[in-house]
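**Student:** 3D model of this:
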Amino acid sequence: MQKGQPEAMAWMLDLMEKIQEETRMLHLGGGKKAIEKQKERGKLTPRERIAYLCDEGMPFIEIALYAGFGMYAEQGGCPAGGTVAGIGYISGRQTVVVANDQTVKAGAWFPISGKKNLRLQEIAMENRLPIVYLVDSAGVYLPMQDEIFPDKEHFGRIFRNNARMGAMGITQIAAVMGACVAGGAYLPIMSDETLMVEGKGSIFLAGSYLVKAAIGEEIDNETLGGAVTHTEISGIADYKFPTEEACLDQIKKIMSKLGAAPTPIFNRISPVAPALPAETLRSAIPANNSKPYDMMQIIEGIVDAGSFDAFKKDYGKTILCGYARIEGWAVGIVANQRLVCKSKKGEMQIGGVIYNDSADKAARFILNCNQKKIPLVFLQDVTGFMVGSRSEHSGIIKDGAKLVNAVANSVVPKITVIVGNSYGAGNYAMCGKAYDPRFIYAWPSAKIAVMGGEQAAKTLLQIQVSNLENKGQKIDPETAANLLKDIQAKYSEQTRPQYAAARLWVDAIIDPASTRLHLAEALQAAAHNTEIEKLATGVFQV
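**Tutor:** Numbers count the residues shown, from 1 in each chain. Next up, the predicted model:
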């Protein structure tokens, strides 16, 4: 165990306590009063629906809980993007579940709601997982319609994805448990099967008020588009049920009759427990990530004991590469090493920085894993690529481009965990969000930014002072110090994992002790897709 472990543990527990406090708040959705109103209408909350639907005792990996966190203050906020979603098990089948939260603005779609729902559909498509929609939404949040309606990553893309998933043979089931209006009405009808709850669920392009305004017809919503109407008259829905529980029971029955999941193409054997207990991961990183540490301690707390087989162990030491197993699944691990390393030439290399040799090594290893059809796991704690004349003259841009090329063209599943820093091009090279990881998670200790806070703040200060001086203002040392303090506070806020999770740069902020579980479930999900493209790379300098 490393020196200073109690301090590291205390620091991580403090970070986790804040996350847990925020999580409890987010679990309330629109708040206690809104939940009480939901109960008065005889309706379950989205979390209650998911708990009833999913198999008891099996993992449920929530995705994008922090979506919209700290955003839309003028609109009163949009907790969890107005949607509760994740990956669980229904009748033994791993399934994506997406549930509108009617307690948040009547389930209306904010821009982040659209992004979150599209992310869940993306997960279903990439991993060939069935998807269940629990619908209870008032549709697009009209005051922000220009930010949610027409673009490629907006509301309409949901229905395009419905059609694409249907063509891909991915099972889609929609249970209408509340309102389903306007454009949103297409989602359940473009699913394979549509279920409705009597007296609660309704589907129509325009509600009774709009119908009267448009054509003068007077009709109530239930007659217009309720469960009886759509199962007995229009034929749009396939089933109706008197209660939500009965509706959810039917979903379980449908899921229990699905054909067998495809046989995975990735290698798996019987799992072995890690060499280190999961709790040790909470003290693996020194407080404030201010000191070097050995990434192998993290790896040994995640992988099956004795399974890590280092690749080019004595070369390119600031990136660890190696084959291993997680819950029996064969994986390739690419991890930044934060120890101060010594090269064969006797030179010292700074941990967390990507040098020419480590970039070259990692690129080669990634291509090897693709050749062998081995999924990749990236463990990020990177401050970027090495700078300076020696690195530039040695071709760091060329070697960095080679690594980025390998990551971008990788065809096997990629799963990323940001345990510490994730700065600049290092974020890209270590498979950040822009490089399509199947899943991407962050520890509470993660920091995501274009560069470190101190360097960025000083750079921004220079720019701001220069602009003010160009306008004829004189900046004394005290004013400059106050400006720097303000800049640092703002920049620090933007590097927090909560900020990243709010914008879906990461799928979730996770307890370090649950890292193995999240990786194992991600690998299980990825194994459903047996179609791996042929590895191909573009032109790059060797």
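
**Student:** Any stretches of this protein with poor pLDDT?
**Tutor:** Where the chain drops to pLDDT under 70, the residues are 1-4, 452-457, 540-542.

**Student:** longest single helix anywhere in it?
**Tutor:** The residue-count maximum for a helix in the chain (DSSP state H) belongs to helix 5-27.

**Student:** list the buried ones in it?
**Tutor:** 8-9, 11-12, 15-16, 19, 22, 26 (16 or more other Cβ atoms under 10 Å). To be clear about C-beta, it is placed using only N, CA and C from the backbone, and glycine gets the same treatment.

**Student:** Packing partners of that helix?
**Tutor:** Where contact means 3 or more Cβ pairs under 8 Å, 6 or more residues apart in numbering; DSSP states H and E, helix 5-27 is not packed against any helix or strand.

**Student:** swap the cut-off to 10 Å and go again
**Tutor:** strand 61-62, helix 497-502, strand 508-509 (3 or more Cβ pairs under 10 Å, 6 or more residues apart in numbering; DSSP states H and E).

**Student:** And what about Ile173, helix, strand or coil?
**Tutor:** strand (DSSP: H, G, I helix; E, B strand; the rest coil).

**Student:** can you tell me how far the closest residue to Ile87 other than its chain neighbours sits from Tyr239?
**Tutor:** In this structure, Ile87 finds its nearest non-sequential neighbour in Ile61, 4.7 Å apart by Cβ to Cβ, 6 or more residues apart in numbering. Distance from Ile61 to Tyr239, counting by Cβ to Cβ, to the nearest Å: 28 Å.

**Student:** Counting neighbours, what do you get for Leu28?
**Tutor:** 17 (other Cβ atoms under 10 Å).

**Student:** Tell me the spacing between it and Ile35.
**Tutor:** Taking Cβ to Cβ, one finds Leu28 at 7 Å from Ile35.

**Student:** Which neighbours do the two have in common?
**Tutor:** By Cβ atoms under 10 Å, 6 or more residues apart in numbering, Leu28 and Ile35 have these common neighbours: 45, 47, 103.

**Student:** can I assume the first one is in contact with Ala80?
**Tutor:** No: between Thr45 and Ala80 there is no contact, the gap being 11.8 Å when judged by Cβ atoms under 10 Å.

**Student:** The two - which one has more neighbours?
**Tutor:** With neighbours defined as other Cβ under 10 Å, Thr45 and Ala80 compare such that Ala80 has more, 27 against 22.

**Student:** in the stretch 251-400 of the chain, which spans are strands?
**Tutor:** 309-310, 319-326, 329-336, 341-342, 348-349, 353-354, 376-382, 384-385 (DSSP state E, counting those that start in this stretch).

**Student:** Enumerate every residue touching the nearest residue to Ser270 once chain neighbours are set aside.
**Tutor:** Spatially, and ignoring its direct neighbours in sequence, Ser270 is nearest to Gly328 (5.7 Å; Cβ to Cβ, 6+ apart). Contact partners of Gly328, counting by Cβ under 10 Å, 6+ apart, are 267-272, 304, 307, 520, 523.

**Student:** Give me the buried subset of those residues.
**Tutor:** Neighbour counting by 16+ other Cβ under 10 Å classes 271, 304, 307, 520, 523 among the contacts of Gly328 as buried.
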